[in-house]
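**Student:** Dropping a prediction and its sequence here:
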Amino acid sequence: LVIAGAWNPPVVTPDWVIRYGLDLPENAQPMVQAFLPAVQGLVFESPKFVINGFSFSVRPDALIFASEDLDNMPRMEDVASRIISQLRHTPIRAIGHNFEFREENPEADHLNVFSNARQDLADHAPEGWTPSSSAVQASFAFGTDGGVVNIIRQFEGNRISVKFNFHHPATTTERALAVLQGTGYDRMAANLNTAQALVNQLYGEAVNA
């Protein structure tokens, strides 16, 4: 779950999220795990915090929630809603529901779309070049207010990955809360079901989420 906007990382700390984002009793003290990425050159990744079964990280351009437990999706949306309600002055640009599916040993006929997409390049590539990966991207508009689902399929190392990004423009607090709370919009669980159904039709139900 990605809320794109102009965020102030020193404000949205784990203690702040516990106090204002989680709907917990006043004396509750949930455990927080912090993962601090190593600095590589001039690139610094934001710390990731794990609390109540999901993780969150704050970048200047995005507030990001993630979980491997699908049951946590409504909880993440609810926490994000409370944070936005508390920080109504924070500029919001969009909300994204992101999912990834992987197939480690795809069937041969599932690879045709990748072969076809790079065939013209392969026909004119210098001698000695061998295909190592291929990606195919498509976008579809949905709804009436500029929603777009971006789908990237990639084949690399004998593995297919399919990534979905359900992009919702949300430049006001009210629109952001409507998306997060499912008021006139599909929530994350519904969009996951849509993505899963499409992947199943293309590749069968063996694909891992």
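**Tutor:** Looks like it came in fine. Numbers count the residues shown, from 1 in each chain.

**Student:** When you work out contacts or count neighbours from here on, use the C-alpha atoms and nothing else.
**Tutor:** Fine.

**Student:** ok, which stretches of the chain are strands?
**Tutor:** 2-5, 32-35, 48-51, 54-59, 62-66, 92-103, 133-142, 147-156, 159-169 (DSSP state E).

**Student:** got a list of contacts for the fourth one?
**Tutor:** The contact list for strand 54-59, computed with CA atoms under 8 Å, 6 or more residues apart in numbering, reads 7-9, 12, 46-50, 63-69, 72, 76.

**Student:** quick one, what contacts the closest residue to Met188 other than its chain neighbours?
**Tutor:** Of all residues not flanking Met188 in the chain, His97 sits nearest, at 6.1 Å (CA to CA, 6 or more residues apart in numbering). Contact analysis of His97 by CA under 8 Å, 6+ apart lists 1-2, 164-167, 188, 191.

**Student:** Which pLDDT value belongs to His97?
**Tutor:** For His97, the model assigns a pLDDT of 98.

**Student:** cool, and the one 5 residues further on?
**Tutor:** The predicted local confidence for Arg102 comes out at a pLDDT of 92.

**Student:** Please work out how many residues are found near the closest residue to it other than its chain neighbours.
**Tutor:** Distances taken as CA to CA, 6+ apart place Ser161 nearest to Arg102, at 4.4 Å, with adjacent residues excluded. Using other CA atoms under 10 Å, Ser161 has 18 other residues around it.

**Student:** show me the contacts for the closest residue in space to Pro60 that isn't next to it in sequence.
**Tutor:** Closest residue to Pro60 apart from its sequence neighbours, by CA to CA, 6+ apart: Trp7 at 4.8 Å. Trp7 sits next to 58-63, 90-91 when contact means CA under 8 Å, 6+ apart.

**Student:** Could you export those as JSON lines, including pLDDT, distance to Phe114 and neighbour count?
**Tutor:** Output for those, formatted as JSON lines (pLDDT from 0 to 100; distance: CA to CA, whole Å; neighbours: other CA atoms under 10 Å):
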{"residue": "Val58", "pLDDT": "95", "distance to Phe114": "35", "neighbour count": "22"}
{"residue": "Arg59", "pLDDT": "94", "distance to Phe114": "34", "neighbour count": "18"}
{"residue": "Pro60", "pLDDT": "94", "distance to Phe114": "36", "neighbour count": "13"}
{"residue": "Asp61", "pLDDT": "96", "distance to Phe114": "33", "neighbour count": "17"}
{"residue": "Ala62", "pLDDT": "97", "distance to Phe114": "32", "neighbour count": "21"}
{"residue": "Leu63", "pLDDT": "97", "distance to Phe114": "33", "neighbour count": "21"}
{"residue": "Thr90", "pLDDT": "95", "distance to Phe114": "41", "neighbour count": "16"}
{"residue": "Pro91", "pLDDT": "96", "distance to Phe114": "39", "neighbour count": "17"}
